[in-house]
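Visitor: Sequence and predicted structure, then a few things I'm wondering about:
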Amino acid sequence: MAADTDARWVPIAVSADILNGTVVPAQMPKGPIAVWRAASGHLYANGDRCPHRGMRLSHGFVRGETLSCIYHGWRFGTDGVCQKIPAHPAVEPPKTINCGPVSVTEVNGVVWGAAASPVDPPVQFAGYNALRSLLISASVEAISSACHGETVEGVITAQLGGQGTILLTNVHGPDEALVIALLPTATSAQDRVKVSTALEALRRTAEGIGDAA
């Protein structure tokens, strides 16, 4: 069962929020990770902890195809293996110094992560693309109830701002979930603003349901 959970794709971020040469924090079922985009545009992820002193790597910086810890500058490659220790430039770091790579891929403008390498790709929603993400302090059940949606395996379908909207959910805790909204690619800029406004109202309603429970 644990292996199946590790190999499950989880929505963790919106692709457009991770620019080339940047790193951001994200959350997986087993804990926090650092997601970063190399200068080449390729996306990578690893555990959000430097093996040296435990500093969060999501506070670090990207240089070319490597991620460096902001504390002592330890540099990690795309495979998670340490490539350089600035305090000992003549020493080749052992391969055992590794920050734990995480499988990531992008579909529909969404970044998906998995602790292991899944056999199948993430679910795809033809004709849809990511609008935005938001963190809601409420359960998936409360979020679905707040928008009168239908939920199947963590995916909520609902009408928001007059538009058919798909909400991907990533449970962070009993009363917290990351929600990534998808809209049809042909949705106008004006309607996208309406849905974004409706999402903020959804957040307030869902959190109110949670507080009342």
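Guide: In hand now; what should we look at?
Visitor: From the recorded domain assignment, give the ranges for the chain.
Guide: For the chain, the structural domains run 2-114, 128-212, going by automatic domain parsing.
Visitor: for residue 204, helix, strand, or coil?
Guide: The three-state label for residue 204, taken from DSSP: H, G, I helix; E, B strand; the rest coil, comes out as helix.
Visitor: Tell me the secondary structure at the residue of the chain most remote from its centre.
Guide: Most distant residue from the mean C-alpha position of the chain: residue 90, 36.2 Å away (C-alpha atoms, centre = their mean). When the structure is reduced to helix, strand and coil (three-state DSSP), residue 90 reads as coil.
Visitor: can the domains of the chain go into CSV with extra columns for distance to residue 120 and mean pLDDT?
Guide: From N, CA and C alone the C-beta is placed, and that goes for glycine too. As requested, those are exported to CSV (distance: least, C-beta to C-beta, whole Å; pLDDT from 0 to 100):
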stretch, distance to residue 120, mean pLDDT
domain 2-114, 8, 93
domain 128-212, 14, 95
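Visitor: Tell me where the longest strand sits in the protein.
Guide: Ranked by residue count under DSSP state E, the longest strand found in the chain is strand 163-173.
Visitor: Check the offset of stretch 6-26 from the chain's centre.
Guide: The gap between the average C-alpha position of stretch 6-26 and the chain average comes to 4 Å, counting by C-alpha atoms, centre = their mean, to the nearest Å.
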